[in-house]
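In: got a predicted model here, sequence first, then my questions.
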Amino acid sequence: MSALCAAAMNPLYEKMTTSVFERMSGLAAQHNAVNLGQGFPDFGWPPEILDAAAKAVVGGSNQYAPSRGTIALREAVAAHYDRHFGQSFHAEHVCVTSGATEALGSAILAAVEPGDEVIILTPAYDSYAPMIRRAGARPVEVALRPPQWQIEREAIEQAVTANTRAILFNNPHNPAGRLFGPEELETIASLAREHDLIVIADEVWEHVVLGHRQFVPLATLPGMEERTIKIGSAGKIFSLTGWKVGWMVAAPSLAQVVARAHQFLTFSTAPNLQAAVAFGLDEGDAWLQPMRDRFQRSRDLMADGLNATGYKTLDVAATYFMCVDLAASGISLDDEGFASLAVENAGVAVVPLSAFAEDVPVRHLVRVCFSKKDETIEAGVAAMAKAKALLS
């Protein structure tokens with residue numbers, strides 16, 4: 001019998017803990033709890049797109065797709081952004097990826113070199129910092145402060161150094177549920193122009209905007225099309241997160257470099273799912289507003305239920321997520337302590353917000369996902385009430 005290998009592994013991954021989403025979903029399953037932690041909907045996908053996927057599996061290609069994506073999907077992505085936001089994109093602007101996280105990874109690998117710095121606004125999606133480090137660069141956190149989560153120019157400008165190469169900017173924002181306004185977008189754009197920075201714009205929630213608010217792509221601001229790498233997601237647009245079909249959109253000079261990084265990650269994405277997403281983007285504009293309305297109703301049901309049980313929730317303008325202010329709700333436990341109690345003793349999984357930052361984590365907020373059926377929300381609210389009662 002051979003001895004166990006004692007060779008050292010990459011310390012970035014050896015020391016890394018399991019993601020908070022995987023951890024809380026695992027605890028939800030272990031304790032048979034309502035899962036309000038991981039951000040997936042349990043309603044809302046259009047049946048027409050499922051039919052298109054089924055037909056493509058049976059009657060279409062099941063072999064490797066072109067690495068940059070099928071021409072049908074790349075053209076559909078470009079046409080979609082032209083219709084919705086007036087952006088003059090073409091297929092050469094688009095690279096299809098196996099989910100938005102892979103698009104982010106490809107964009108980071110393509111944009112930065114060892115020794116570079118990348119500014120991220122925290123709380124931030126927990127994959128950002130590890131992917132930046134894997135590229136040999138250093139993540140530099142700039143903290144947004146609740147409850148407004150306002151972008152402040154001075155704070156970002158102080159973080160810019162001679163080594164800064166890029167800003168990784170998420171709008172609409174997970175986990176805060178913010179939709180950043182024109183002045184805040186111009187703050188990011190002006191800093192990028194003045195310091196010659198790339199902006200990797202994680203805009204996957206662009207269509208999950210509630211009420212009559214309007215999303216503005218960062219690349220539409222003056223001087224930004226040639227320095228913005230946009231990340232999009234079919235999973236978020238159509239509530240089909242498990243399909244893992246995403247894309248990157250950028251000026252061709254940037255897009256071709258990102259595509260070269262992508263080809264050595266997943267190489268290509270399932271062609272049948274690409275065919276279905278192309279169909280959805282071409283034919284599914286009428287699906288979007290009803291889905292937004294349904295998410296808004298779920299947000300209101302969650303907020304009303306939690307507020308009625310004594311919780312204080314923060315405003316939500318976009319995404320699937322709502323933050324609960326533990327301190328303002330009269331709870332002295334920090335977010336990790338509350339999350340553990342809630343899942344183990346009350347039967348509900350939530351996500352502690354401190355997982356979304358390293359330098360200055362927020363420890364009095366937890367995130368809940370409201371993109372759920374009414375009965376899921378009602379069960380989750382009842383379990384949250386039980387958690388609060390256990391602390392009284």
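Out: All right, it came through fine.
In: and residue 338, what element?
Out: Using DSSP states H and E, residue 338 falls within helix 335-341.
In: contacts made by that helix with the rest, please.
Out: Contacts to helix 335-341, defined as C-beta atoms under 8 Å, 6 or more residues apart in numbering, come from residues 24, 326, 331, 333, 349-354, 362-366, 387, 390-391. Placement of C-beta: from N, CA and C, glycine included.
In: sheet partners, orientation included, of the helix or strand just after that helix?
Out: Per DSSP H and E, the first helix or strand lying C-terminal to helix 335-341 is strand 348-349. Applying DSSP bridges to the sheet, strand 348-349 is found paired with strand 34-35 (parallel).
In: check what contacts the strand it pairs with and list those residues.
Out: In contact with strand 34-35 (C-beta under 8 Å, 6+ apart) are residues 24, 25, 28, 29, 347, 348, 349, 369, 376, 379, 380, 383.
In: secondary structure and neighbour count added to those, as TSV?
Out: Formatted as TSV, the contacts of strand 34-35 follow (DSSP: H, G, I helix; E, B strand; the rest coil; neighbours: other C-beta atoms under 10 Å):
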residue	secondary structure	neighbour count
24	helix	26
25	helix	18
28	helix	20
29	helix	11
347	coil	19
348	strand	26
349	strand	29
369	strand	26
376	helix	20
379	helix	17
380	helix	26
383	helix	21
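In: need these in a markdown table with pLDDT and distance to residue 279, can you?
Out: As requested, the contacts of strand 34-35 are exported to a markdown table (pLDDT from 0 to 100; distance: C-beta to C-beta, whole Å):
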| residue | pLDDT | distance to residue 279 |
| --- | --- | --- |
| 24 | 82 | 34 |
| 25 | 82 | 30 |
| 28 | 80 | 33 |
| 29 | 86 | 34 |
| 347 | 97 | 40 |
| 348 | 97 | 37 |
| 349 | 96 | 34 |
| 369 | 96 | 27 |
| 376 | 96 | 29 |
| 379 | 98 | 35 |
| 380 | 98 | 34 |
| 383 | 98 | 39 |
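In: I'd like the residues you listed as CSV, with distance to residue 77 appended.
Out: Output for the contacts of strand 34-35, formatted as CSV (distance: C-beta to C-beta, whole Å):
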residue, distance to residue 77
24, 32
25, 30
28, 34
29, 35
347, 41
348, 37
349, 34
369, 26
376, 32
379, 37
380, 35
383, 40
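In: of those residues, which is the nearest to residue 295?
Out: Ranked by distance to residue 295 (C-beta to C-beta), those are led by residue 369 at 10.7 Å.
In: ok so, going back, which among the contacts of helix 335-341 end up buried?
Out: Buried members of those, scored by 16 or more other C-beta atoms under 10 Å, are 24, 326, 331, 333, 349-354, 362-366, 387, 391.
In: low-confidence regions, this structure specifically.
Out: Applying pLDDT under 70 to the chain flags the ranges 1-6.
In: quick one: which of the contacts of helix 335-341 sit in strands?
Out: Among the contacts of helix 335-341, DSSP state E puts 349, 351, 352, 365, 366 in strands.
In: surely residue 25 and residue 40 touch.
Out: No - using C-beta atoms under 8 Å, residue 25 makes no contact with residue 40, being 9.3 Å away.
In: from the middle of its chain, how far away would the helix or strand in which residue 300 is found be?
Out: According to DSSP H and E, residue 300 maps onto helix 285-308. How far helix 285-308 lies from its chain's middle: 18 Å, per C-alpha atoms, centre = their mean, to the nearest Å.
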